[in-house]
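[1] no sequence on this one, just coordinates:
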């Protein structure tokens, strides 16, 4: 978790922030790590023997031969294991998927809406032409580099909002800023999709228009159930023109697809170049 984004956590200097990249890389990144690992939610992969002794689970997560922390939430065993292992002897740099060494976090809806006036001014002046919400699940299946290339190719006069583990495809990229506002704004994890929706609704109020009238495009990376819940929430709110990929959910039969296309204008992603050109009207 990005501990340094939370006021009550960032005051503790030993909480260093993000470790590693997307969930599918954990077997490599946790291999013989000199620290304790606590799983609090899903996305645990088969645990390798090289780090099984330092893996703990809690809440809904269980794994054979790994110690479970029950509802009493006594984390003494986790702390003891961390002290025993001692951490790295020398500073480590674990680069992102694209080789970047820095990620910037902490852009929940409260933070973004605190500079809503700057966003509005940037739109009115022409400095900001479009906003993309690119996020969702990630996985190892080929084709997911679409999202990296899409974000890389977004014009310099656009913002990219992102959330959930799909962001690890590009959250180490340096995209610059628009009038002091970073072009890449990390809203948080899966459940923080609420922040993206909140930002869109509040911006629509500021501009006195509907969400679908905003210069905003949503590109969702689908992989599992939570992304479907988020998609259904967006559809319930009446949001249209969502791009969905890299492959469609298995439950989307031809009949369901036709309904989504006709009523909500949902479309499957094609290529970054084609989708960007279509979105920006080029």
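    Noted; the coordinates are in hand. Please read these numbers as outputs of a predicted model, since none were measured by experiment.

[2] only C-alpha atoms for contact and neighbour calcs from this point on.
    Will do.

[3] Can you show me the strands along the protein?
    Assigned by DSSP state E, the chain shows strands spanning 37-39, 55-58, 67-69, 130-136, 158-163, 177-178, 181-182, 184-188, 216-221, 243-245, 267-268.

[4] could these go into CSV alongside distance to residue 79, mean neighbour count and mean pLDDT?
    Below are these laid out as CSV (distance: least, C-alpha to C-alpha, whole Å; neighbours: other C-alpha atoms under 10 Å; pLDDT from 0 to 100):
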stretch, distance to residue 79, mean neighbour count, mean pLDDT
strand 37-39, 10, 17, 96
strand 55-58, 11, 20, 98
strand 67-69, 12, 20, 98
strand 130-136, 32, 23, 94
strand 158-163, 30, 24, 95
strand 177-178, 40, 16, 96
strand 181-182, 36, 16, 95
strand 184-188, 26, 25, 92
strand 216-221, 36, 22, 93
strand 243-245, 41, 20, 91
strand 267-268, 46, 18, 92
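
[5] mind putting these in JSON lines, distance to residue 20 included?
    Shown next, in JSON lines, are the strands of the chain (distance: least, C-alpha to C-alpha, whole Å):
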{"stretch": "strand 37-39", "distance to residue 20": "12"}
{"stretch": "strand 55-58", "distance to residue 20": "16"}
{"stretch": "strand 67-69", "distance to residue 20": "22"}
{"stretch": "strand 130-136", "distance to residue 20": "18"}
{"stretch": "strand 158-163", "distance to residue 20": "16"}
{"stretch": "strand 177-178", "distance to residue 20": "25"}
{"stretch": "strand 181-182", "distance to residue 20": "22"}
{"stretch": "strand 184-188", "distance to residue 20": "15"}
{"stretch": "strand 216-221", "distance to residue 20": "20"}
{"stretch": "strand 243-245", "distance to residue 20": "24"}
{"stretch": "strand 267-268", "distance to residue 20": "30"}
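
[6] can you count the residues close to the closest residue in space to residue 271 that isn't next to it in sequence?
    By the measure of C-alpha to C-alpha, 6 or more residues apart in numbering, the closest residue to residue 271 outside its immediate chain neighbours is residue 146, 7.0 Å from it. Residue 146 has 19 neighbours, counted by other C-alpha atoms under 10 Å.

[7] how close does residue 146 sit to residue 207?
    Distance from residue 146 to residue 207, counting by C-alpha to C-alpha, to the nearest Å: 31 Å.

[8] Sketch out the helices for the stretch 101-250 of the chain, chain order is fine.
    Taking DSSP state H, counting those that start in this stretch as the criterion, the stretch 101-250 of the chain carries its helices at 109-113, 116-125, 145-153, 193-206, 225-236.

[9] Between those helices, which one is closest to residue 89.
    Closest of the helices of the stretch 101-250 of the chain to residue 89 is helix 145-153, at 33.4 Å (criterion: C-alpha to C-alpha).

[10] which residues are in contact with that closest one?
    For helix 145-153, the surrounding residues in contact (C-alpha atoms under 8 Å, 6 or more residues apart in numbering) are 134, 160, 169, 170, 173, 175, 221, 246, 271, 272, 273, 276.

[11] and the third one, how far is that from residue 148?
    For residue 169, the distance to residue 148 under the criterion C-alpha to C-alpha works out to 5 Å.
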